[in-house]
Structure formats: structure tokens, C-alpha cells
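1. Turn this into a model:
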Amino acid sequence: MHDGSVDLKAEARARIYALPIEAVDPAQPDLFAQDAMWPIFERLRAEDPVHHAVSPTHGPYWSVTRWNDIMAVDSNHQTYSSADGITLQSLEAKAETAKRGTRPSFISMDPPRHDEQRKTVSPVVAPSNLVNMAPVIRERAGQILDSLPIGEEFDWVEHVSKELTAMTLATLFDFPQAERQLLPYWSDMMTNAPGHGPVESWEHKRAEIDKMVDRFTGLWNERVNAPPAGDLISMLAHGESTKNMDRLEYAGNLGLLIIGGNDTTRNTISGSVFALNRNQGEYAKLRADPSLIPAMVSETIRWQTPLAHMARTATEDTELGGKTIKAGDRVVMWYVSGNRDASMVEDPDSYAIGRARPRQHMSFGFGIHRCVGNRLAELQLTIIWEEIMKRFPVIELVAEPLRTHSIFVKGYETLPVVIPRRL
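-> Numbering: from 1, shown residues only. Take a look at the predicted model:
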């Protein structure tokens with residue numbers, strides 16, 4: 001299969017290296033959609049790892065691209081606060097937020113509120129609960145894979161990645177399985193800008209998110225009047241630090257749990273199929289030795305980096321990488337770049353499932369905001385691949401994927417594949 005994106009990438013590379021360094025701006029969703037942003041990060045890591053960017057679409061911000069600098073920001077929540085939100089919003093999105101009010105969530109809080117709210121929901125992904133969930137996930141993975149067509153093209157994102165993660169998320173919320181496709185739909189509504197994904201306009205986005213909050217408010221009202229149970233809504237409704245949340249805060253926490261529970265795993269499941277197809281030697285290695293599945297899962301999470309960045313706001317004047325960051329400045333940690341830092345990861349651009357330390361990556365973040373569901377993500381990916389290996393000798397990519405138009409969610413809208421035969 002000819003990779004038609006090669007010319008695009010070569011063009012992007014030449015253009016990026018022709019710019020004066022101060023004009024380099026990673027916050028370009030078009031480049032992410034073309035998978036052509038890599039030269040920006042390569043150049044910034046080498047020439048200006050703590051870089052002040054002035055973006056025409058996102059405003060001024062500090063761009064942090066090396067592993068150790070990202071770690072310094074991520075593990076210091078006193079100096080780098082999440083209270084102003086954890087993504088670099090476009091100026092247009094900021095104006096929209098100003099109109100309708102922010103939806104705070106515990107990921108965009110600092111201690112002590114952050115710690116109290118996180119503690120409320122974390123039992124749902126406790127090791128004991130994951131042990132109970134594993135057979136359910138395995139049964140569903142098997143059903144999904146057994147329903148796939150053989151010998152004809154289909155979209156892996158739609159039929160596998162979205163399905164498995166929607167089923168799991170519906171279980172965590174105790175949301176009706178019959179309506180589970182609403183969860184990835186709402187996730188896409190929250191993470192896309194107008195004109196991308198299912199979002200037609202800001203009004204459309206607002207209306208659909210309102211419907212989501214209405215639906216979940218109904219579930220809240222049911223659960224708050226019932227004895228405490230083990231699902232996320234019940235935990236929030238009965239939790240000491242969450243039971244008095246207003247609508248906006250509830251909406252923010254729903255957004256966090258839906259996006260965190262869906263987008264990341266969904267895009268890594270898709271990314272694993274894409275990566276193995278682009279690296280046939282690694283795919284052959286995996287087929288020869290399925291015990292490499294956990295290592296392949298970790299390598300895919302690093303190589304894919306399903307959330308490209310997280311943002312913080314400096315609470316005081318501080319120094320990072322020899323630069324003075326002022327109180328109030330936005331600071332963006334590009335996990336997608338840190339995961340390709342050759343000082344920490346050997347031959348980082350290659351996809352290699354036999355790495356000595358496969359779990360050395362920054363896709364889950366660090367410090368108090370480290371991904372609460374990281375073990376559940378790994379579990380779903382491991383199980384789906386164990387079940388794939390029992391059934392299909394190969395999954396073949398038949399065309400370039402359509403990628404997400406976003407500087408935050410690094411994923412796939414479509415991934416056209418064929419499964420030639422069953423085992």
C-alpha cells in the first residue's frame with residue numbers, strides 16, 4: 001500500500017525547518033490530522049525545548065517538549081496549576097467558554113479538592129474491581145470479534161475500538177448498554193471543534209452536551225435516592241466531596257470520566273492495529289510469541305500517545321530550562337514529544353515491542369493527575385489482543401486512516417481494514 005502522506009510530511013518538514021525558531025507553533029490541528037507535526041517537536045527538542053509560542057489560533061503559551069522538563073512541570077502542582085483547565089483551548093473555544101461558563105472537573109482542580117474528588121471515584125478502577133471486570137471484558141471482546149466480517153473491508157474504529165470501550169464505560173457508569181453508543185458520541189462532541197467529528201456548530205455542541213447532562217442528571221436522581229452502589233454515578237451522588245456538586249461541576253466530571261474512559265483506550269486499540277501494520281516485523285514477532293502482548297500494549301500506548309498534551313498555568317514566576325515563566329503564563333506539556341525524547345527512550349521513533357522497559361512512557365502523565373484508569377486501559381488492550389490472536393492470523397490495513405483533527409486527542413476517525421480469514 002502506497003503511503004500517500006509521505007509527500008505531505010516532507011513538505012511540512014521543509015516548511016517547519018525554514019521558519020525562524022520563534023515562529024514555530026505546535027498548536028496546529030491540521031498538522032496533527034496529517035500526522036505531520038513530528039518535525040516541529042524534533043526541532044524544538046533540539047533547539048528550544050522550553051519554547052515561547054505565539055499562536056494565531058491559541059494565543060501565547062510555553063511549549064515544553066523534553067521528557068525531564070515535562071516531568072518537572074507535571075510533578076509540581078504547586079507551581080503549575082490545573083485550575084484554569086488542562087487543555088490548550090483555541091481562542092474561539094475560550095470565547096465560547098466565557099459565554100457559557102466553565103465546566104470544572106477534578107482533573108482541573110488542585111489539592112485538596114482534587115484529592116477528595118479523585119478518591120471518590122477511584123474504587124471503580126481498584127485492582128479488586130478490575131479482577132471482576134476482566135471476564136466481562138473478555139466475553140464482550142470475543143462477541144465483538146466473532147461478529148466481524150471476513151474477507152470484506154470494514155472500519156475497525158467503528159466496529160471494534162468504539163464498541164469495546166463503550167461497553168466498558170457503560171458498565172462503569174451503570175449506563176444502559178442498549179444506549180452505549182451515546183457515550184463515544186458525547187465524547188466526540190466534547191473534544192471536537194465545529195466542523196470536525198459530529199460537531200456542526202458551537203450551538204450544536206452546546207445543545208448536545210446539555211442533552212448529555214440532562215440524561216446523566218436523571219441517572220443521578222435515581223442513584224442518590226437508592227443505596228450507594230459501585231458505579232461512578234452512585235459514587236459521585238453519595239461521595240462526601242461530590243454530592244453537592246452543581247450542574248456545571250457535574251458536567252465537568254462527566255466529561256472527564258467519559259473522555260478519559262473512552263478516547264484514550266479507543267485510540268490506542270486503533271493505534272495498535274495501525275502500528276503493527278506499519279511494522280510488519282513486529283507483527284510477525286507478536287504472532288510468533290503472544291506472550292509479548294503486554295509489552296506491545298505498553299509500546300503502543302507510548303508510540304500512539306492518545307492524549308498529545310496537557311496544559312497548566314504558572315502560579316508564580318519560575319524558571320524552567322533556563323527560561324523565565326511568569327505567573328499566569330500557560331504551559332503546555334507535549335507528552336507526544338516527551339515520548340519521542342531520545343535521551344530517555346532508545347530509538348524513540350521506532351515501534352519496538354521488545355523494549356527492555358516498555359512501560360517507560362509519559363502517556364498517563366505523572367504526579368497527582370496521573371491517569372486514574374491506566375490499569376483498566378492496559379487491561380482492555382491486553383484482553384482484546386489475546387482474543388484477536390486466538391481468532392485471526394492477521395488484520396490488514398487497506399487504506400490510510402482518517403485522523404482526529406485535534407491537538408489534544410491524538411486518534412483515528414476511521415481505520416479501514418480487512419481480515420482475510422479466521423484461524
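
2. looking at this structure, which helix or strand is least sure?
-> Least confident helix or strand of the chain, by mean pLDDT, DSSP states H and E, is helix 113-121 with a mean of 82.

3. just how off-centre is that helix within its chain?
-> 21 Å (C-alpha atoms, centre = their mean, to the nearest Å).

4. Likewise for stretch 383-392?
-> 23 Å.

5. Check stretch 413-423 too.
-> 23 Å.

6. What mean pLDDT does it get?
-> Averaging pLDDT along stretch 413-423 yields 97.

7. Just the endpoints, please. Distance across it?
-> Taking C-alpha to C-alpha, to the nearest Å, the first and last residues of stretch 413-423 lie 28 Å apart.

8. Likewise for stretch 82-98?
-> End-to-end for stretch 82-98, by C-alpha to C-alpha: 18 Å.

9. and the least confident helix or strand of the chain, what does it pack onto?
-> helix 232-238 (3 or more C-beta pairs under 8 Å, 6 or more residues apart in numbering; DSSP states H and E). Using the backbone N, CA and C atoms, a C-beta is placed for each residue, glycine as well.

10. CA-only coordinates of the helix it packs on in CSV, if you can.
-> The C-alpha trace of helix 232-238 is given here as CSV (Å, rounded to 0.1, in the frame of the first residue of the first chain):
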residue,chain,number,x,y,z
LEU,A,232,-19.4,6.0,39.0
ILE,A,233,-22.7,7.9,39.2
SER,A,234,-23.6,6.4,42.6
MET,A,235,-20.1,7.1,43.9
LEU,A,236,-20.4,10.8,42.8
ALA,A,237,-24.0,11.1,44.2
HIS,A,238,-23.1,9.6,47.6
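
11. helices and strands around it, which ones?
-> helix 113-121, helix 162-173, helix 202-224, helix 247-278.

12. Tell me which of those helices approaches Met190 most closely.
-> helix 247-278 (5.2 Å; C-beta to C-beta).

13. Next, the angle helix 202-224 makes with that closest one.
-> 110 degrees (axes from the mean of the first three to the mean of the last three C-alpha atoms, to 10 degrees).

14. for Ala72, helix, strand, or coil?
-> helix (DSSP: H, G, I helix; E, B strand; the rest coil).

15. if I look at it, how far off is Arg375?
-> Using C-beta to C-beta, to the nearest Å, one gets 26 Å for the distance from Ala72 to Arg375.

16. And the strands in the stretch 1-150 of the chain?
-> 50-55, 59-64, 80-81 (DSSP state E, counting those that start in this stretch).

17. how about the CA coordinates for the first one, as PDB?
-> Written as PDB, here are the backbone C-alpha positions of strand 50-55 (Å, rounded to 0.1, in the frame of the first residue of the first chain):
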ATOM      1  CA  VAL A  50      11.100  25.300  26.600                       C
ATOM      2  CA  HIS A  51       9.800  27.500  23.800                       C
ATOM      3  CA  HIS A  52       7.500  30.500  23.900                       C
ATOM      4  CA  ALA A  53       5.000  30.200  21.100                       C
ATOM      5  CA  VAL A  54       2.500  32.900  20.000                       C
ATOM      6  CA  SER A  55      -0.200  31.000  18.200                       C
END
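
18. Including mean neighbour count, could the strands of the stretch 1-150 of the chain go into TSV?
-> TSV is the format used below for those (neighbours: other C-beta atoms under 10 Å):
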stretch	mean neighbour count
strand 50-55	18
strand 59-64	21
strand 80-81	22
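
19. Columns distance to Lys243 and mean pLDDT on top of those strands, output as JSON lines?
-> JSON lines is the format used below for the strands of the stretch 1-150 of the chain (distance: least, C-beta to C-beta, whole Å; pLDDT from 0 to 100):
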{"stretch": "strand 50-55", "distance to Lys243": "40", "mean pLDDT": "97"}
{"stretch": "strand 59-64", "distance to Lys243": "36", "mean pLDDT": "98"}
{"stretch": "strand 80-81", "distance to Lys243": "25", "mean pLDDT": "96"}
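
20. Could you point out which of those sits nearest Ser350?
-> strand 59-64 (23.6 Å).

21. For the closest one, give me every contacting residue.
-> 25-27, 44, 49-55, 70, 73, 88, 91, 94, 311, 320-321, 323, 325, 329-334 (C-beta atoms under 8 Å, 6 or more residues apart in numbering).

22. before we move on, the earlier item: looking at Ala72 and Arg375, which is more packed in?
-> Ala72 (19 against 14; other C-beta atoms under 10 Å).

23. For that one, report the pLDDT, please.
-> pLDDT, Ala72: 97.

24. show me what contacts it?
-> Ala72 neighbours (C-beta under 8 Å, 6+ apart): Leu320.

25. cool, Thr414 as well?
-> So Thr414 contacts 155, 157-158, 401-402 (C-beta under 8 Å, 6+ apart).

26. Would you mind naming the residues that bridge with it?
-> Assessed by DSSP bridges, Thr414 has beta-bridge partners Leu402.

27. Then Asp155?
-> Pro416.

28. Might one say that it is in contact with Pro416?
-> Yes. Assessed by C-beta atoms under 8 Å, Asp155 is found in contact with Pro416 at 6.0 Å.

29. Quick check: which ranges of the stretch 51-200 of the chain have low pLDDT?
-> Residues of the stretch 51-200 of the chain that meet the criterion pLDDT under 70 lie in 102, 104, 106-109.

30. what's around Ser350, how many residues?
-> Neighbours of Ser350 (other C-beta under 10 Å): 12.

31. ok so, going back, ok, which of the helices and strands packed on helix 232-238 comes nearest Pro39?
-> helix 247-278 (18.3 Å).

32. Report pLDDT for the residue located most distally from the centre of the chain.
-> Computed with C-alpha atoms, centre = their mean, the residue of the chain farthest from its C-alpha average is Asn225, at 33.6 Å. On pLDDT, Asn225 comes in at 95.

33. next one: phi and psi at it?
-> Backbone geometry at Asn225, expressed as degrees, to the nearest 10, gives phi -90, psi 0.
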